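*Asks:* can you look at this prediction? I've put the sequence above it.
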Amino acid sequence: MPNDLDPVYAATAAAINQAGLASADPLNQPLAEARATQDRYFAFLAQDLPPVVSIRNVFVPGPAGPFALRFVYPANSNAGALLPMVVFVRGAGWWAGALDSHERSMRIIANASGCVVCGVDYTRAPEAHFPVQRDQVCAAVRWLRAEGEAFGVDADRLALTGESAGANLSVLAAARLNAEQPGTVKGLALFYGNYNVPQAATRAYSKWVWANYLGVALEQAPPEAIPMRADLSPLPPTWLGVGECDPLVHDSVQFAEKLRAAGVPCELKRYPGVPHAFVMLSRLYDGATSALRDSAGALHEFLKN
């Protein structure tokens, strides 16, 4: 794996660190403190949101009680027209983030794809463990298919997008939904997903994230929580994006190979000089915005008919 960061990205990340806004370390902080640190970091990155037509929030029923969805309506959309729907599932290791933390990404994808983007505010770990989060994404899609027209969306044209932990949940939810009713999810656009459980040499943070999410030792991880062990044949065409400096780059490569072996059309795009979670820096790093627009282009293609 190349280790040389893009100098522009490296300078941007260094400036964020020097401003005291580094990402949190839940291995060395109490969880509440780590979340507060991460919230400040996300709030800094989420400033200057791109304009959109409107935002709507709603609570829907789910397997662990009601949870929130946020609709982002793209700029230049026509009032009264039913638009395709992209369901957005955030990353942040299952333990951090919310709707506000990733709204910038949702807005960029909405404007670039011409779709309504609906963010799912799944319950964080360890307050809930697998399969609650996957089942909340499934519940959101089922609810959208039943109620979406009242919110201006054509839920028969629906795709999922997510990054990191959200990519994991998107894969598992899409596989379940399409196994139940083929064609429910028309496409996937995923960034640097947690597609496999950590190996012995994997960094400690990844091991903590997975254990915190699963609620059991990694050796006891249920196969249905792990995309690399799942039946991928129900999945729709998939676009994958990952940075060349991401510790998970090989997971994305292997996952692309598994998708193709299962007969799933797959495009893998590798971005030089960037690490994990690079698309979160879209306000400060043009390469992040460009990558989000790449994913939006794939989503547009999946849903254009």
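*Replies:* That came through fine.
*Asks:* longest strand anywhere in the chain?
*Replies:* strand 153-163 (DSSP state E).
*Asks:* and whichever helix or strand comes after that strand, average pLDDT?
*Replies:* Counting by DSSP states H and E, the next helix or strand C-terminal to strand 153-163 is helix 165-180. Mean per-residue pLDDT for helix 165-180: 98.
*Asks:* which residues sit against the helix or strand following helix 165-180?
*Replies:* Sequence order places strand 188-191 as the next helix or strand after helix 165-180, per DSSP H and E. The contact list for strand 188-191, computed with C-beta atoms under 8 Å, 6 or more residues apart in numbering, reads 91, 159-164, 167, 170-171, 174, 235-242, 279, 291, 295-296, 298-299, 302. The way it works is simple: take the backbone N, C-alpha and C, and place the C-beta from them, glycine included.
*Asks:* can you show me the helices along the stretch 51-200 of the chain?
*Replies:* Secondary structure of the stretch 51-200 of the chain (DSSP state H, counting those that start in this stretch): helices located at 103-113, 132-147, 165-180.
*Asks:* now tabulate those in CSV and tack on distance to Tyr205 and mean neighbour count.
*Replies:* Shown next, in CSV, are the helices of the stretch 51-200 of the chain (distance: least, C-beta to C-beta, whole Å; neighbours: other C-beta atoms under 10 Å):
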stretch, distance to Tyr205, mean neighbour count
helix 103-113, 21, 24
helix 132-147, 19, 20
helix 165-180, 12, 24
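*Asks:* looking at these, spot the one closest to Phe44.
*Replies:* Of all the helices of the stretch 51-200 of the chain, it is helix 103-113 that lies closest to Phe44, at 11.1 Å by C-beta to C-beta.
*Asks:* and the angle from that closest one to strand 153-163?
*Replies:* Counting by axes from the mean of the first three to the mean of the last three C-alpha atoms, to 10 degrees, helix 103-113 points 130 degrees away from the direction of strand 153-163.
*Asks:* need the contact list for the closest residue to Leu240 other than its chain neighbours.
*Replies:* Using C-beta to C-beta, 6 or more residues apart in numbering and skipping the chain neighbours, the partner closest in space to Leu240 is Leu268 (4.6 Å). By C-beta under 8 Å, 6+ apart, the residues touching Leu268 are 240-242, 252-253, 256.
*Asks:* backbone dihedrals for Leu268, please?
*Replies:* The phi/psi pair for Leu268 (degrees, to the nearest 10) reads phi -110, psi 120.
*Asks:* quick one: the strands in the stretch 151-300 of the chain?
*Replies:* Secondary structure of the stretch 151-300 of the chain by DSSP state E, counting those that start in this stretch: the strands cover 153-163, 188-191, 238-243, 266-271.
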